[in-house]
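> Sequence plus predicted model, see below.
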Amino acid sequence: MKGVMMRNKEHTEHIALFIDLDNFVGFCLGLGLPIDLSPEIERLTEMGKITIRRSFGDIYKVPLSDAQKVDLRKMLQNNQIQHEDIPYQNNFKNSSDIRLAVETISTAFSNEKIVFKI
């Protein structure tokens with residue numbers, strides 16, 4: 001029995017979770033869904049262990065009230081997600097998409113244990 005448990009632990013998939021916060025909040029608002037990643041994180045933990053949890057975006061520019069922005073930060077913290085605030089330099093686009101892509105590619109090449117789920 002111990003050998004079976006050890007083998008299962010060794011074969012646990014390690015998952016990296018990267019979130020485009022601006023898009024996530026926008027889709028939730030557009031679809032009338034709660035801004036909460038807990039259900040998705042719960043599903044991912046059924047597939048393996050989430051070893052990297054990162055989000056990128058400009059919390060100050062999302063169309064939420066100040067109280068909702070505080071709740072958004074708390075939701076990220078409660079789900080152990082490390083957030084990187086990337087402020088907008090103009091009114092159209094920030095560089096969070098590029099930062100997210102660079103981090104994802106860097107993780108893929110530097111950590112062979114990570115499995116990517118889309």
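That came through fine.

> Measure how far the longest helix seen in the chain is from the centre of its chain, please.
Counting residues, the longest helix found in the chain (DSSP state H) is helix 96-110. Offset of helix 96-110 from its chain centre (Cα atoms, centre = their mean, to the nearest Å): 12 Å.

> Contacts made by it with the rest, please.
With contacts defined as Cβ atoms under 8 Å, 6 or more residues apart in numbering, helix 96-110 is touched by 16, 18, 20-22, 52, 54, 56-58, 84, 86, 114, 116. To be clear about C-beta, it is placed using only N, CA and C from the backbone, and glycine gets the same treatment.

> Just the strands from this protein, written as ranges.
In the chain, the segments counted as strands under DSSP state E are 14-20, 49-57, 82-85, 114-115.

> Listing partners with orientation, what would you give for the shortest one?
Which is strand 114-115. Counting by DSSP bridges, the strands paired with strand 114-115 are strand 14-20 (parallel).

> ok, and what's touching the partner strand?
Residues contacting strand 14-20 (Cβ under 8 Å, 6+ apart): 37, 41, 44, 47-57, 81, 96-97, 100, 103-104, 107, 111, 113-117.

> Kindly tell me how buried the closest residue to residue 29 other than its chain neighbours is, as a neighbour count.
What sits nearest to residue 29 in space, not counting adjacent residues and going by Cβ to Cβ, 6 or more residues apart in numbering, is residue 63, at 6.8 Å. Neighbourhood size, residue 63 [other Cβ atoms under 10 Å]: 8.
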